[in-house]
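> Any chance you could fold what I've pasted below:
(5 chains)
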Amino acid sequence: MNDFPVLTTLGVLPFAGALVVAALPRGRELLAKQIALAVTLVMLALTVAMALAFEPNAAEPFQFVEKTPWIEQFGINYAVGVDGIALVLIALAVSLAPVVILAGWNDADDNERHRPQTYFALLLALLGCIVYVFAATDLFLFYVAFEVMLVPVYFLIGMFGRGQRTYAAVKFLLYSLFGGLLLLAALIGLYVVSVRELGTGTFDWTLLAGMPIDPDTQKILFAGFFFAFAIKAPMVPLHTWLPDAAASATPATSTLLVGVLDKVATFAMLRLVIPIFPDASEWAAPFVVTLAVISIVYGALVAIGQTDMYRLIAYTSVSHFGFIILGIFAFTEIGGSGSVVYMVAHGLSTAALFIVAGYLVKRRGSSLIPSFGGVQRVAPILAGFFLFAGLASLAMPGMASFVGELTVLIGSYQRWPVAAAIAVIGIVLSSLYVLIMYQRVATGPATENVKGMRDVFPRELVAFAPIIALTIAVGVFPKPVFDVVNPAIERTYSFLNVEPVEPDVPDVDALTEYGVTEGEGTE
Amino acid sequence: MIELLSTAPPTSTGEAVAFWVLAPIAVIAAVMILLSRKAVHSALWMATTMIVLAVLFIMQGGIFLGVVQVVVYTGAVMMLFLFVLMLVGVDASDSFVETLRAQRVAGILLALGLGGMLVAAISRAAFPAAPGVGAANDGAGGHVEAIAQAIFTRYVFTFEVVSIVLITAAVGAMALTHKELLTPRKPHGQLSVERIRGEHPTPYPSPGVYARHNAVDTPALLPDGSASEASVPDELRRQGTVRYTELEAAREQESEGGTPR
Amino acid sequence: MTAAAAARWSEGGGQMIAEATGVFSLTWLLIALPLFGAAVLLLGGRRTNSFGPVLATLLVGLSFVLGFVLFVQMLGHSAEERAFDQSLFAWAPIGDFSVDVGFQLDPLSMAFVLLVTFVGGLVHVYSLGYMADDPDKRRFFAYLNLFVASMLLLVLASSYVLVYVGWEGVGLASYLLIGFWNAKPEYATAAKKAFVMNRVGDIGMSLAIMLMVTTFGTTAFSGVFAGASEASSGVLLALGLLLLLAATGKSAQMPLQAWLGDAMAGPTPVSALIHAATMVTAGVYLIVRSNPIFDLSDGARLAVVLVGVLTLLFGAFVGTAKDDIKKALAASTMSQIGYMVLAAGLGPAGYAFAILHLMTHGFFKAGLFLGAGSVMHGMDDDVNMRRYGALRKAMPITFVTFGAGYLAIIGIPPFAGFFSKDKIIEAALTDNIWVGLAAILGAGITAFYMSRVMFMTFFGEKRWAKDAHPHESPGSMTIPMVLLAVGSVVLGAALVIGGRFVSWLEPVVGSAEEHEFAIPPLAITAIIVTVSLVGVAIAYAMYLRRPIPLEAPTGSVLTRAAREDFYQDAFNESLFMLPGQYLTRFLVFFDNRVVDGFVNGSAAMVGGGSARLRRWQTGFVRSYALSMLAGAVLVVGALVLVRL
Amino acid sequence: MMPHLVEPFDTPSLEYQLLAPMLIVFGGAIIGVLVEAFAPRGARRGIQLVLSLLTLLAAFVALLVWTRPDLGQIVASGNVAIDGPAVFFQGTILVLSFMAFLLFAEREVDSAGDAFTPSAATIPGSESERELTAARVSQTEVWPLTLFSVGGMMLFVAADDLLTFFVALEVMSLPLYLLVGLARRRRLLSQEAALKYFLLGSFSSAFLIFGSAFLFGYSGSISFAGIYDSLSSGVELDPLLLVGTGLVSIGLFFKVGAVPFHSWVPDVYQGAPTPVTAFMASATKVAAFGAMLRLFYVALGDYDWNWRPMFWIVTILTIVVGSILAITQTDIKRMLAYSSVAQAGFILIGVTAASESGLSSTMFYLTAYGFATIGAFALVTLVRDGTAEATHLSRWAGLGRRSPVVAGVLALFLLSFAGIPLTSGFIGKFTVFEAAIDGGATPLAIVGAIFSAVAAFFYVRVIVLMYFSDSPEDAPTIAVPSALTTLSIAVCAAATVALGVFPGPVIDLAEQAASFIR
Amino acid sequence: MNPENYLYLATILFAIGSVGVLVRRNAIVVFMCIELMLNASNLAFVSFARLNGNIDGQVVAFFVMVVAAAEVVIGLAIIVTIFRTRRSASVDDPNLLKL
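Numbers count the residues shown, from 1 in each chain, chains lettered A, B, ... in the order given. All right, here's what the predicted structure looks like:
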C-alpha cells in the first residue's frame, strides 16, 4: 500500500475517465453515465482503503507522499500527500461524487446544445482537480489545481446551467480569477522570500511552513492569500458570485461547487495561511473574525429574504462558511477541529439541500419558492428528504453539522467570546430560513402547482440515502473524524504564537488561580 | 546656457556667420513646408532645407556627407517626391481647415514641449571640447578615406545588410506598382481584324452618356440604367480605373462590410 | 447553604457516582428502544403501517418496564449510592477537551424516566384510539417515539452537550408533532413559531455550554459542578441566566411564552404528553439539575423566581379568558410551570417541590388534556367551550377523570396538586412574602379558570352544534385517562407523606435547613384552600348561574387583553418580527444593489471606460501620431523628471 | 589611388559560422528575388514555398550547429553580438516564422487561393483583379519579402551598435509595411493599414534615430559596449543620455505596441492579411523585445534606476489600456490585437525587472506567447463568411457545437492568454511576476495580476460566445485547412500545452541563455 | 559661436517635422516631414561627430540617408497604391479601421 501511488491514482483516474467519457459518440449517453459512476465508485473504494491505512498519529505531517521534480528551475515539485484534514476532505469529495452523479443522472439529457458526455466528463475533471487541490503539498501544484478547477466549473455552469447561466459563469470565473491572480502574485512573493530565506526557492509546504518572514512582508502576502480565499469561501462582501452561480448551475455542479470546491478556501486557510503566515494570521485575526461573524449573520438574514431555493441555499452557505472561518481563526484546537468537521458537515448538508431542491425543481420546472406549496401532501418522502436536508443545515443534533457548529462555537468562544456570542444568533436565523422555506414549499394544502408531482424515484432514493447515512453517522459518532483531524490541527496551530486556551477552572485538584471577567457571556 | 557658452569651444567667425545666415533659412524653409498649401511648394521648401543642411554638414567637416546629401537627397529623393506629386496631381492643394479637434494646438504644444525638453537637455550638457573630426580624418589619411575605412571595415556587415534594404525597396515598389500581363499585348492589326469580325463593328458608344460625368473613364448608361462596358476604352478597363457607378457601390459595400461596428 | 451544596460536588464528583454495572448498564436501552421504534417506522415506510403504531407503543411500554426495574434496583441501594454513570463512547474528543456520550441515572433522572415512560406509554395507548383514522398514523407514532427517546436522552444525559442534544431532539419532535396536520397553514406556522422561539432559548443553552467549556474545560455535570465553587460569581451569574434563558424557551416561560398557546395545533395526545406533562417541564429539570450553579448565584435564582412569578400570573390571567379548551389548558400549563420555576428559584428549599409539582402536574395535566381530547373526539374536534355544556352525561368517564384532574390542579386536598402546590407556596412565603402572596393569588385564579373550564364543558345547558353527537371515547382512550386520574388522586399523597420524594431527591439537589415562618403551615394551607374555593365560587357565579352566550361577549379591557394573551404576539411582532422582516428586506436589497451592485458597477465602469477610451481610436493616422508625440513627451519627461 | 591609402586598410574578418543563420536567411531571400525574376510564373509559388521553408530550416540547423546559447561572442567588428539571448531569440524567431510561413502557403481555406492579393498593383474590385484571381495568380514576392523581414529580426536581436540596430529595424520593418497591404479580401482596409503602419512606423524610426544621435553624442560611441563604458564617466552629459534613452525607447515601444504608441496595432492587425498578422504579432514582437532587452540591459545596464520609472509608467499604461480597450471590441482580430497590447504590457513587466530573471522570464513569455498567437490567428482564418473571414465576434457564436475542434483549440489559446494554469501563458505570467517581485517591482506584479483578471474577461467572452450562445441563422462556414495550416495549429497547440505542463526545458534554456555579453 | 547651436537647430527642425506630421493631411507632405525629421537627426549626428571628434556620427548619417532613400521608395509606392484606389492622397480619408 505504501508504495502504491494512491493519490496520483485518485487524481489521474477522473481525468482519464473524463477523456474516455468525452470521447464517447452520440448515442452512448448511458454508457457515459455508467463509466462516470464507475470511476467515482472506484475512487471511493480507493479512498476508503487509504483512510483505513492512514495513521492518524504519525510523526511526519503527510502520508502517502509522492514527490517528483516538476519545474526544477523554480523548485517546483509534483508533490502530493495527505494529512488528516486533507484526507477527510478528499473523502468528502469522493463520497459526494457518486451521489451527485446519480442524483443528476438525467440533468444533462434535455440540453439542446451539449451532450451529456460533456457534462459527465466535466464533472469528472472537476473531481480530479478537487483531489489535487487537497492532496497537493507543493504550493505551485496547489495553485495549478486551484485555478484549473475554474475551467470545468465554468463550463458546467455556462453549458449546462439554467437562467442567467452565462452571466453567472462569467461572474464566477472572473471573481475567482481576480482572487486567484492576486494569490498568484502573493505566491510568487512567497517564492521570492523563500529564495532569500532558504537560499533556494521552493514551493514545498514542508519547507515554507514556519519559515521566518519579516512581519510586513508577511502581512502583504497574507493579504494576497486571504483575499483569494475569502472570495472562494465566500465571505461577505465578496460573496455575490455564489448565489448567481448556485441559482444557475445544475444541482450536481452546485453541490460540488459549494459543498466541496469552496472548502478549498477554508482548507487553504488551515493548510497554507496559518502555518506560513502565523504572525500575520494573528495580526489579522480580529479582522477576519469580525468578517466571519458578519458573514454568519448577514448571510443568514439575506437567506431569509430569498425567494429562489438555490439562492437561499447559497446564502445559507455564506453563513456557514462564516462559522468555518470563525472556527479556524479561533486558534483553538476545538475551533480548528470543529471547523474541519463543519466543512464535512456543510458539504453533506449542502449536498442534501441542493439535491433535494434539484429533485423539486426538476419536477416543477422552477426554483422559486412561491411556485411550490403543499409538497408534503403529494410527495411525502420527497418532503421528508427536504426537511431532513433543512435540519441538517440548521445543525440539528444527531446530524453532522451539529457537531461542527457546537465545537466551532465552543472553540471560538474560548478566544473570541463576543464574536462567538454574536455568532450564536445564527442558530436562530438558520431555523428561520430553513423552516420558512420548508413551510412554503412543503406544508399547507397541496396547491395546483404541485398536483400530480411524483414522489421520489428509486434512483433518487438511492442517491440520497448515502447522504442521510453519512450525515447521521458523523453526527452520532464523529470521533473517527476527530481522531484523524486533531493531530493535523494541532500541527497547524503549533506554528502560531498564541497562548493556548486553558480552562479557567481546569482541574479541581490543581486550582491555584482563576479569573473570568465579570459579565462574560451575557451578550 | 550663457555660462556654458564661455566654456564651450569657440568656432571660427566665418562659420558663425554662415551658421547664422543658414540656420534661419533652414528653419524658415522647414516652417514653409508646413505652411504651403500646395504639396509641390512644400517639396521645394524641403529641397531648400536639405541644401542648407548639406552646407551645414560640410561646415562641420562632413564634406562627403554634404555631397551625398545634395546628390542623393536633394537630387534623387526629392525628385522621386516630385515625380509622385506629379502622378497624384500637382495642382491639388490642401484645405487648411483642421477637421480633427484640437489637433493643431495639441500638436504644436507637444512639439514645443518635446523640443523644449531636448533644448534644455542640450543646454544642460557640458561638452568638454569640440575636437572636430580632423584628427579622425587624419588617422585614416583623409576625410573620405576615413569614412571609407569605417564603412568597409568596422561597419562592413551593416553595410552589406543595408543592401537588403535597397533590394526590399526595389522588390516592394515592383510588387505594389508593377502589374503582370497574363496574355501578351495584341498588335494593332490583329485588334482591328478582331473588331471587324466581332459582333460590334460599329463605333462603341461614347463614354459618359447619361452618366454623372462625361469623362472618358465614366461608362455610358444604357436605357436600363446599367453601364455600357463598351463605352470605355479597353485599356482603362484593364487598368481598372473605370468609374463604374455600380462598382463604386460595390466598393462601398465591401468597405462597410469590413468595418467593425 | 451554598457551601454545602458545592461541597458535595467539589469533594470529587467521581466518588459519588458509581460506574453503571449490572442492570444499570442497560440504561442506554431506555433511549434506544423508542429510538429504534422511530427509526423502524420512519425508514420502514408503508410496510410498517400495519404494525407500526402498536410496535411503537410496545417499545415505550418496554422502556417503562425497564425503567421500573431500574427504579426498583435503585431503591435497593442506599440513598448515597443511587447515582450511576454510564459512559458509552467518546463523542468529540479534541485534545484535552472531550464530550462523551454518557448517561447519568440518579434519583432525579429516575423520576423523569418513570414519568416520561409512563405518561408517554399511556399517551401512546390513547393515541391508538385517538389517531385510529388518521392516514399518517405511522408517522405520528414515529414522531412520538422520537420524542420519548429525545426526552429520555435529555434527562439521562450526563453532560450539558448531551442535554442539548436531547433538548433539540424534543424541540424537533415538538415541531413535527405540532405541525403534524400542517395542511392547515396556521398549524405549520405554529410549529415553526414553536421551533424558532425554542431556538431563541437555545442561544442560552449554547452560550452556557461555551462558557462552561471555557471556564471548566468540560460540560460533564461532574466536572462543571465540581468546579462551580471555584468559578467567579460573574461566570456563575452568567451561567445561571443563560440556563434560565434556555429554560424559558423550552418551558414557555416569560418572555418566551408565546409559542405554547399556538402549539395546541398539534393532536391532543401531543399536547398532553409534550406540551403539558414532559417537554415543557424540561426547563425546570434543567434548573434543578444545575442546582450547584444556581446555589452559588443569588442573582440567578432571583431571576428564576421573577420569571416564575410573572409567568404563573400571566398564564393564570390568560387562562381566565380563553374559550378554546386546549388553549385554556395550555395557559394553565404555563402557569403551573411558573410555579415549578418559582420553586426551582428558591434554591434547595424548592428544588424538590419543583420536581414534585412537576410529577403531579405531569399526571393531572396529561389527564386533563386527554380528557379534553376525549371531549373533542366526541364533539367532532370542536374546541370552543362555548359550544360544549352538560357533557357529563354524554361522557361520564371523561367527566370523572377530567374532574379528578380538575380537583388536583386547583389544589383540593387530598388530590395530588394540593400537596405539591401547597409546598411551593409555603416555600415561597418563607422566602419572600410577596412572592408567596403572588403564588396564592395565582392559586385563586387557577381555581377560577379551571372551574370555568369544568363548568362550561360538563355542566350547564347543552350548547352543542346541531350535528354534534357527543359520545364516550373507546377504551384505548379512556383507560389511560383513568390511570392518569388515579395518579392525580393518589400521587401527591403517595409522594409527599413522609417526605419520601424530598428525601429521594436529596442526594441530587440537597436539602434546606428548616426555616420557621411566622404563620404555621396548617394556616397557610387553609388560606390557600380558601382562596381556591373563592375562585371556584366566583366561577360558579359567573358560569354556572348565568347562561353562557355562544358568542364571546366583548368583555372588559382586561378580558380582551387576556384573550389576546396580553398582546404577546403583537408585541413580538412589532418588536422582533416586523423589524426583522424590514431588516431582511433591506439586506436583500442591499446585497443585490449595493454589494453586488458595486461588483457589477465596477465591471460596468471598466466597460464604460473601455467605450470611452475606444473613441480615441479615431482611425485618423494623424491622431495616432499625436498620441505618439504625447507619449514621447511622457517618456522623455519621465526620464528627465527622475533626475530632477 | 594614392599609395598611403592602402596601408591602414585591414581586411575585416567576419565570423561566418556565427553569422550563418542570418546570412542563410538573407541569401535565401535573395535567391527568392531571383526566382521572381527568372522562374516561370506557374512554378514560382512552389519554388518559393520550398525555398523559404528550407531556408528557415537551414538557418535553424546552422543556429543549432554553430552557436551556443551559453557562449557569447561579439562578431562582425562589433556590429553584432551572438550571445545567449541573441541565439535564443533567433531560434524563436525562426521557429515562429516557420509556423507563420505555413499559414502563408495555405490555399485551401479561401476558394480563390492564398491570403494575398493576386496582384497588389491592381485596383480593388477592378476587372483585371478579377482576371488575375480567376487565373489563380499569386503575388509570390511575399516570400522573399518575408524572409528579408525574418533576417532583419534576427539581426535586430543581435545588433550591438546603434547603427546596426537602426538598419536591422528597417530591414525588418520595410517588408512588413508592404506585406500588410497585400490582403486578398477587403483590400481597402489592407491598404489603409499599410499606409498607417508605414507612416507611423517611419515616424517612430525618426524618433529612434534622433535618440541614437543623442546617445552617440553622450558617449562618443555608437556601440552598446561603448555607451555602457561611458555610463560611469561622469554626469556632464547625462541630460543627453536621458533624452537619448527616451527617444530611442519610443521606437522600440512602437514596435512592441506599448501604450501610448499602440494605436497602429489594432488597425494594422485587422487590416493585414491574417497570416501576416500572425507573423507580426509573434515574430516581430519577439524581435522588438529582444532588441529592447539588449539596448536596455547591455547599453544602459547599470543605469536601470534611471529608466525603470519610465518603464513602470509605460508598463502600467500598456496593461491597463490594452486590457480595458479589448473588452468592448467586436472584431476578433481587433480583440486579439488589443490583447497583444496587453500582453506586451505583461512582457514589459519582465523587462522592467532589469535582472537576469527578468531577461529569462521575458524570453520564456515571448516564446509561449508567440506560439499561442500564431495559433489563434491561424484559427481566425478558418471561420469564413462566404469568401472572407468572419471576424465579427457575433459570427463566432455557437462555434463550440458546430466545430468542437476549432473552438476547443481556440479556447486553449485564449485560456493561455488569460493565464490559466497548465497552459504556457500561465507559466509565462508566473515567470515575469516572479522576476518583477524579485526585482522589487511588486506593484507591477499586482497591477498585472488585477488586470489579468480584466483581460480574462474578454478572452472568456469569446469562449462564452462559442460555447454558451446559439449559432446565428446564417452561420459562417468552417474551412477545412490543408496540412500546412493544420500542422501549424497543431504545433502551436502542442507547444502551448507542453510549455504549460512541462516548461522545465525551455525555462532551463532561457536561463542558460540569459546573459548578455558586452 | 558655440557648436551646440547646430544641435539646437537640429532639435528645432525635428520638432517642426513632427508638427508637420500632425497637421498636414497630404500623405506626401506628411512623409516629407518625416524625412525632415530624419535630416534633423543626421544634422545631430554630424554635429555630435564634430563635438566628439568621432567619424562614426557621419557614417551613421550616411547609412541613415541610404535607408531613408529606400524608405522613400516604399512609402511612395504605398501612397501611390492608395491613391490609385481612393483617388486621394489625404491621410484622413483612409479611416475605415478605427475604434
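
> Against D:Gly386, how distant is the closest residue to A:Arg26 other than its chain neighbours?
Distances taken as Cβ to Cβ, 6 or more residues apart in numbering or on different chains place A:Arg115 nearest to A:Arg26, at 6.4 Å, with adjacent residues excluded. For glycine as for every other residue, the C-beta is placed from the backbone atoms N, C-alpha and C. As defined by Cβ to Cβ, to the nearest Å, A:Arg115 lies at a distance of 30 Å from D:Gly386.

> So the two - more neighbours on which side?
Neighbours per residue, other Cβ atoms under 10 Å in any protein chain shown: of A:Arg115 and D:Gly386, the larger number sits with A:Arg115, 23 against 10.

> Now do the contacts for that one.
For A:Arg115, the contact set (Cβ atoms under 8 Å, 6 or more residues apart in numbering or on different chains) comprises A:26, A:29, A:108.

> ok, and the most crowded of those?
For the contacts of A:Arg115, neighbours tallied by other Cβ under 10 Å; top is A:Ala108, 24 neighbours.

> And what about it, helix, strand or coil?
Secondary structure for A:Ala108, judged by DSSP: H, G, I helix; E, B strand; the rest coil, is coil.

> Helices of chain E, start to end?
E:4-23, E:27-52, E:56-86 (DSSP state H).

> Give me whichever of those helices is most buried.
helix E:27-52 (a mean of 28; mean count of other Cβ atoms under 10 Å in any protein chain shown).

> packing partners for that one?
Applying 3 or more Cβ pairs under 8 Å, 6 or more residues apart in numbering or on different chains; DSSP states H and E, one finds that helix E:27-52 makes contact with helix B:13-35, helix B:39-59, helix B:78-88, helix D:187-219, helix E:4-23, helix E:56-86.

> Determine which of the ones you listed shows the lowest mean per-residue pLDDT.
Here the lowest mean pLDDT among the helices and strands packed on helix E:27-52 goes to helix B:78-88, at a mean of 85.

> hmm, that one touching chain D?
No - contact of helix B:78-88 with chain D is not found when judged by Cβ under 8 Å from any Cβ of the partner chain; the minimum separation is 13.3 Å.

> In that helix, which residues are buried?
The neighbour-count check on helix B:78-88 (16 or more other Cβ atoms under 10 Å in any protein chain shown) flags B:78, B:81-82, B:84-85, B:88 as buried.

> Kindly reformat those as TSV and extend each row with distance to chain A.
Listed next are the buried residues of helix B:78-88 as TSV, based on distance: Cβ to the nearest Cβ, whole Å:
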residue	distance to chain A
B:Met78	55
B:Phe81	52
B:Leu82	57
B:Val84	52
B:Leu85	54
B:Val88	51
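
> Compile the helices and strands packed on helix E:27-52 into a markdown table and extend it with columns for distance to C:Ile548.
Rendered in a markdown table, the data for the helices and strands packed on helix E:27-52 read as follows (distance: least, Cβ to Cβ, whole Å):
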| stretch | distance to C:Ile548 |
| --- | --- |
| helix B:13-35 | 113 |
| helix B:39-59 | 116 |
| helix B:78-88 | 115 |
| helix D:187-219 | 98 |
| helix E:4-23 | 104 |
| helix E:56-86 | 106 |
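
> Figure out the helix or strand that the spatially closest residue to C:Ala190 that is not a sequence neighbour lives in.
Of all residues not flanking C:Ala190 in the chain, C:Asp262 sits nearest, at 3.7 Å (Cβ to Cβ, 6+ apart). Applying DSSP states H and E as the criterion places C:Asp262 in helix C:259-262.

> and that helix, which residues are buried?
Buried positions in helix C:259-262, judged by neighbour count with 16+ other Cβ under 10 Å: C:259-262.

> Can you give me the neighbour number for the closest residue to D:Arg68 other than its chain neighbours?
Setting aside the residues directly before and after it, D:Arg68 is nearest to D:Val87 in space (Cβ to Cβ, 6+ apart), at 7.2 Å. D:Val87 is flanked by 26 other residues according to other Cβ under 10 Å.

> would D:Val87 count as being in a strand?
No - D:Val87 sits outside any strand when classified using three-state DSSP, being helix.

> And it, how far from chain B?
17 Å (Cβ to the nearest Cβ, to the nearest Å).

> picking that back up, got the helices and strands packed on helix E:27-52 as a markdown table, with distance to chain C columns?
Below are the helices and strands packed on helix E:27-52 laid out as a markdown table (distance: least, Cβ to the nearest Cβ, whole Å):
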| stretch | distance to chain C |
| --- | --- |
| helix B:13-35 | 13 |
| helix B:39-59 | 16 |
| helix B:78-88 | 17 |
| helix D:187-219 | 5 |
| helix E:4-23 | 5 |
| helix E:56-86 | 11 |
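
> Over to D:Asp232: give its phi and psi.
Heads up, residue D:232 is Ser, not Asp. Backbone torsions for D:Ser232, taken as degrees, to the nearest 10, come to phi -90, psi 0.

> Quick one: mean pLDDT for stretch C:422-437?
Averaging pLDDT along stretch C:422-437 gives 81.

> Pull out the buried residues from it.
Across stretch C:422-437, burial judged by 16+ other Cβ under 10 Å covers C:422-431, C:435-436.

> May I see the buried residues of helix C:259-262 arranged in JSON lines, with pLDDT as well?
Shown next, in JSON lines, are these (pLDDT from 0 to 100):
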{"residue": "C:Trp259", "pLDDT": "81"}
{"residue": "C:Leu260", "pLDDT": "81"}
{"residue": "C:Gly261", "pLDDT": "78"}
{"residue": "C:Asp262", "pLDDT": "80"}
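
> Return the member of those residues nearest to chain A.
C:Trp259 (12.4 Å; Cβ to the nearest Cβ).

> Run through the residues that contact the closest one.
Residues near C:Trp259 by Cβ under 8 Å, 6+ apart: C:190, C:193-194, C:197-198, C:252.

> let's go with 6 Å and repeat that
With contacts defined as Cβ atoms under 6 Å, 6 or more residues apart in numbering or on different chains, the neighbours of C:Trp259 are C:193-194, C:197.

> wait, which of those is closest to chain D?
Nearest member of the contacts of C:Trp259 to chain D, counting by Cβ to the nearest Cβ, is C:Lys193, at 45.0 Å.

> Just give me the neighbour total for the closest one.
C:Lys193: 24 surrounding residues under other Cβ under 10 Å.

> And it, how far from chain A?
9 Å.

> tell me which element that residue is part of?
Under the criterion of DSSP H and E, C:Lys193 resides in helix C:185-216.

> Please compute how far that helix lies from its chain's middle.
Relative to its parent chain, helix C:185-216 has a centroid offset of 11 Å by Cα atoms, centre = their mean, to the nearest Å.

> Return the set of buried residues in it.
For helix C:185-216, by 16+ other Cβ under 10 Å, it's C:187-216.
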